[in-house]
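1. Next input, structure requested:
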Amino acid sequence: MSKNTRRMAVLVAAGLALTACGTTHENAPGASSGTAPAPKACKGPSGKFTIGMSQANLAEPYRVRMDDDIRKAAAGVPQFTVHYSDAAQDNSKQVEQVNTFLTQKIDLLIISPNEATPLTGVVKQAYDQGIPVLILDRKVDGDAYTSFIGADNVDIGRQAGQFFAEKLLPQGGKVVELKGLAGSTPAKERSDGFDKGIAGKNVSVIATADADWLRDKGQQQAEALLKAHPDAQAIFSENDPMAEGARLAAQNAGKADLPIVGIDGLPVPEGGIKAVEAGRLSATFVYPTGGAEAVAAAKKLLIDCQPVAKTQTLGTRLVTKDNAAAVYAEFNRG
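-> The predicted structure follows:
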């Protein structure tokens, strides 16, 4: 065999190995340096795999539920061992935790980034090492990852805006808005979507405040907003914990009946669906955690040796007083 023939055989074999592993790097042209990194070999059903789950924080009930959903799904895959980390809303800490996972030679990374830009580099580093990367809920910059799993936040925001314009304030009105952590992609996307939903409807956002997705900060910021804008007729909160804080602020301001809408719709006793059923929130939108879907994608990549979609968009639904009990029962059936 000539030198050129041997070189061609090596390249063909490498290409076959990449296809067999089933990662979706080929769906991300130019994701890192224009060349998809060679992934680790897919070991199939006989393999044992270590997965690192990097969580932005565990102060939000939604993120606790996400980790719980991953644990529950992973328990059904005996080949998987999952290690968890909590960045506590600290970008530097999350970068350090992901680097620790890489040092530990994990087979796959699941991450819900605290903020997009600060986590982009370490996510790309993992991807460039051939480690499949599944991003949940919050995005990073660029496309140096294997798959993003999450709902369409722009669409959820748009639906929320339409609900305000059509149901809560059909004659028009003034809204104050509680935003999530500024550098996290859902905060911008939900706000952008809300603006689209109220466009041309005589509904206006007269003030906004960042409350970092947290209930206590939501209450503090809502108190300040309502004091500065006593003419506000409703509150749009980008998640349910901030909305619950806003309800306390409204009560303290003598506006116990002020319409408040959130997002998350967790099907747990302390979650948004029950808050709507109890009348504390006017509505919420179900925002799936993607935990079960992430484990399914990991199984497909590492065990089944199949590719996964670059983007997996999860569904949502509006929850109001009329359907809250039924939605809650549906999620908790069986």
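
2. would you list every one of the strands in the stretch 101-250 of the chain?
-> Secondary structure of the stretch 101-250 of the chain (DSSP state E, counting those that start in this stretch): strands at 108-111, 133-136, 147-151, 173-179, 203-210, 234-237.

3. Give me the residues contacting the third one.
-> Spelled out, that is strand 147-151. Among residues not part of strand 147-151, those counted as contacts by C-beta atoms under 8 Å, 6 or more residues apart in numbering are 24, 132-139, 287-288, 290, 293-294, 297, 308-316. No exception for glycine: its C-beta is placed from N, CA and C like everyone else's.

4. Got a ChimeraX select line for the buried ones in these?
-> To isolate the buried ones among the contacts of strand 147-151 in ChimeraX, judged by 16 or more other C-beta atoms under 10 Å, type:
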select :24,132,133,134,135,136,137,138,139,287,288,290,293,294,297,308,310,312,314,316
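
5. Nearest to the spatial middle of this protein, which residue is it?
-> The residue lying closest to the centre of the chain (C-alpha atoms, centre = their mean) is D137, at 1.3 Å.

6. Hmm, E293 and it touching each other?
-> No. With contacts defined as C-beta atoms under 8 Å, D137 does not count as touching E293, sitting 11.0 Å away.

7. R215 and P241, how far apart?
-> Going from R215 to P241 by C-beta to C-beta, to the nearest Å gives 4 Å.

8. Between those two, which has more neighbouring residues?
-> Using other C-beta atoms under 10 Å, the more surrounded residue of R215 and P241 is P241, with 28 against 21.

9. residues in contact with that one?
-> Under the criterion of C-beta under 8 Å, 6+ apart, the neighbours of P241 are 60-62, 213-215, 218, 262, 264.

10. one step back: phi and psi next, for the residue nearest to the centre of the chain.
-> Taking degrees, to the nearest 10, you get phi 70, psi -60 for the backbone angles of D137.

11. One more: S46?
-> Phi and psi for S46, reported as degrees, to the nearest 10, are phi -90, psi -10.

12. Model confidence for it, exactly?
-> Looking at S46, its pLDDT stands at 88.

13. okay, now it: neighbour count?
-> Around S46 there are 7 residues (other C-beta under 10 Å).

14. low-confidence ranges in the stretch 201-334 of the chain?
-> 334 (pLDDT under 70).

15. quick one: the helices in it?
-> For the stretch 201-334 of the chain, the helices defined by DSSP state H, counting those that start in this stretch cover 215-228, 240-252, 272-278, 291-302, 324-331.

16. again with the stretch 1-150 of the chain
-> In the stretch 1-150 of the chain, the helices defined using DSSP H, counting those that start in this stretch lie at 3-21, 61-74, 91-103, 116-128.

17. Mind telling me which of those the model trusts least?
-> helix 3-21 (a mean of 38).

18. Neighbour-wise, give me the winner out of the contacts of P241.
-> Neighbour-wise, the contacts of P241 (other C-beta under 10 Å) top out at G262, 32 neighbours.

19. so that residue sits right up against I235, yeah?
-> No. Between G262 and I235 there is no contact under C-beta under 8 Å: 9.1 Å.

20. Between those two, which contacts overlap?
-> A243.

21. how many other residues sit next to T103?
-> Number of residues near T103 (other C-beta under 10 Å) recorded here: 8.

22. let me redo that: K201
-> When neighbours are defined as other C-beta under 10 Å, K201 has 16 of them.

23. returning to that earlier point: contacting residues around the residue nearest to the centre of the chain?
-> Here D137 is in contact with 66, 112, 149-150, 186, 289-290 (C-beta under 8 Å, 6+ apart).

24. So the protein: which segments form each domain?
-> When the chain is parsed with automatic domain parsing, its domains come out as 3-150+290-313, 153-263.
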